[in-house]
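>>> Show me the folded form of this:
(chains A, B, C and D)
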Number of protein chains: 2
Amino acid sequence: MIQAHAVRLFVEHGYDGTTVNDVAEAAGVSPMTVYRHFPTKEDLVLVDQNGPLVADRIAATPAGQPLVRRIGSALVDSARTLTDGDDRFLLARLRLMISTPALRARHLDNHYVLQQAIVDGLGDEAVDPDAAFQAAAAASACLAAMHTALVRWAKDDGRTDLPDLIAKALAAAFGDDTPGTGGR
Amino acid sequence: MIQAHAVRLFVEHGYDGTTVNDVAEAAGVSPMTVYRHFPTKEDLVLVDQNGPLVADRIAATPAGQPLVRRIGSALVDSARTLTDGDDRFLLARLRLMISTPALRARHLDNHYVLQQAIVDGLGDEAVDPDAAFQAAAAASACLAAMHTALVRWAKDDGRTDLPDLIAKALAAAFGDDTPGTGGR
DNA sequence: CCCTTATTGTTAGTAACTACCAGTGCGGTA
DNA sequence: TACCGCACTGGTAGTTACTAACAATAAGGG
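Got it, this is the predicted structure:
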């Protein structure tokens, strides 16, 4: 609930134009309570709980395929389930993340954490440091391509299909043999 | 000079354990002077002027090759000239960027800016929005792979060859047909 | 010698965030 | 009913990054 009030105020008056005290007042709680639930002001926008979603899907992909294919298909599938509900809140948050430098930076840093989860989810490759390095490179590249798709999706106001956009971005980066409807 | 004092103090006492006033005092200037030269505390570590370096190299690559190959070779070449001088200062800054969350986030956000420069440097593709999207996806993926190589390089204390690591990361993400000495 | 300009310093303020302590409701135990 | 932890919330005071507005100093050019 606090997050809903925060995003609404951020959209109305801008991220920098809204203080944490404003959020607390709008939500009817004290500033201390806000800080307890969201350690930083940025977390009011960034908090999201679909991290393990992707990692679980990674582990479910067949191990024989190339890394970028396994990761890419997991990202496309995750995006599909993510955009099932109401896109409006997700879009509002995403637009804030893209337009506000501080949020954009933290959002990209969260990718860094997600990358570690993906590498761990890939499983047995992690024992060999060289294989782990290759997995990290592939994962970071896939996440970056996905982020490009997210930016495009926000620019289109969510009218285009997000999984399709991600598949297209992956195809542009890694070649047309990537999965998804946009690979053609 | 202010930056040199800042990095030294950050390494000695930690980033969060050093105030901007400490940096100002060590450099023999007032805190205001520090803020005038470095808009944020993070810039004391992040300020770097090799952005146009990469963009210029992009424009110099042959236009016939695939996007990731053009971008990748430019990144490898840029890294080669970058690691010519004294690696120690670069390594210290890089280690701070990786270990400090705030710096890591801002560093990744700088990649976002560099990505735009690369897309612009690619030239005529930018007119078609679909081509620009593909270029952005390829550029972001290449930069992410390079970042993975940077992390590995810092973990090895700069002992391994950075251009070689970048080439290996690109090869892991995009296949073995990427340029550089580490392609095999 | 005076004027312009660039750089630096000083002061006062805002806002994010923290440490520390206090109050409130709530289920379990005697 | 009285007592006791326990999770959540609130208040206070402080630190720190950062900004705005104005003064001072120093260099160069007429």
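
>>> Setting aside sequence neighbours, what's the nearest residue to A:Thr33?
Leaving aside its chain neighbours, A:Thr33 sits nearest to A:Ala24 (6.9 Å; criterion: C-beta to C-beta, 6 or more residues apart in numbering or on different chains). No exception for glycine: its C-beta is placed from N, CA and C like everyone else's.

>>> What residues does chain A have near DNA strand D?
With C-beta under 7 Å from any atom of the strand as the criterion, chain A meets DNA strand D at residues A:Gly28, A:Val29, A:Ser30, A:Met32, A:Thr33, A:Arg36, A:His37.

>>> now for the one helix or strand A:Ala79 maps to, which elements pack on it?
Under the criterion of DSSP states H and E, A:Ala79 resides in helix A:67-82. Judged by 3 or more C-beta pairs under 8 Å, 6 or more residues apart in numbering or on different chains; DSSP states H and E, helix A:67-82 is in contact with helix A:51-60, helix A:129-155, helix A:162-174, helix B:162-174.

>>> Any chance of those helices in a markdown table with distance to B:Asp109 and mean neighbour count as columns?
Formatted as a markdown table, the helices and strands packed on helix A:67-82 follow (distance: least, C-beta to C-beta, whole Å; neighbours: other C-beta atoms under 10 Å in any protein chain shown):
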| stretch | distance to B:Asp109 | mean neighbour count |
| --- | --- | --- |
| helix A:51-60 | 20 | 16 |
| helix A:129-155 | 11 | 24 |
| helix A:162-174 | 19 | 26 |
| helix B:162-174 | 20 | 26 |
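
>>> Include mean pLDDT when you put these into JSON lines, please.
Conversion of those to JSON lines gives the following (pLDDT from 0 to 100):
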{"stretch": "helix A:51-60", "mean pLDDT": "80"}
{"stretch": "helix A:129-155", "mean pLDDT": "93"}
{"stretch": "helix A:162-174", "mean pLDDT": "94"}
{"stretch": "helix B:162-174", "mean pLDDT": "94"}
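
>>> quick one: stretch A:68-76 to chain centroid distance?
Centroid separation between stretch A:68-76 and its chain, computed with C-alpha atoms, centre = their mean, to the nearest Å, is 14 Å.

>>> how much space between the residue nearest to A:Thr33 and A:His5?
9 Å (C-beta to C-beta, to the nearest Å).

>>> likewise A:His107?
In terms of C-beta to C-beta, A:His107 sits 20 Å off from A:His5.

>>> same question, A:Asn21
12 Å.

>>> who has more neighbours, those two?
Legend: neighbour count by other C-beta atoms under 10 Å in any protein chain shown for A:Asn21 and A:His5, higher for A:His5 (19 against 11).

>>> unless I'm mixing things up, A:Arg95 is touching A:Lys155, no?
No: A:Arg95 lies out of contact with A:Lys155 (C-beta atoms under 8 Å); the separation is 9.1 Å.

>>> Mind pulling up the pLDDT for the residue nearest to A:Thr33?
Listed pLDDT for A:Ala24 reads 95.

>>> I'd like to know which elements whichever strand or helix holds it is packed against.
Per DSSP H and E, A:Ala24 falls inside helix A:20-27. Helices and strands touching helix A:20-27, by 3+ C-beta pairs under 8 Å, 6+ apart, are helix A:2-13, helix A:31-37.

>>> The first one vs helix A:20-27, what angle?
Between the axes of helix A:2-13 and helix A:20-27, defined by axes from the mean of the first three to the mean of the last three C-alpha atoms, to 10 degrees, the angle is 120 degrees.

>>> Now do the buried residues in helix A:2-13.
Neighbour counts over helix A:2-13 (16 or more other C-beta atoms under 10 Å in any protein chain shown) mark A:Ile2, A:Gln3, A:His5, A:Ala6, A:Val7, A:Leu9, A:Phe10 as buried.

>>> Compare the helices and strands packed on helix A:67-82 and report which one is nearest to B:Leu75.
With C-beta to C-beta, the closest approach to B:Leu75 among the helices and strands packed on helix A:67-82 belongs to helix B:162-174: 5.8 Å.
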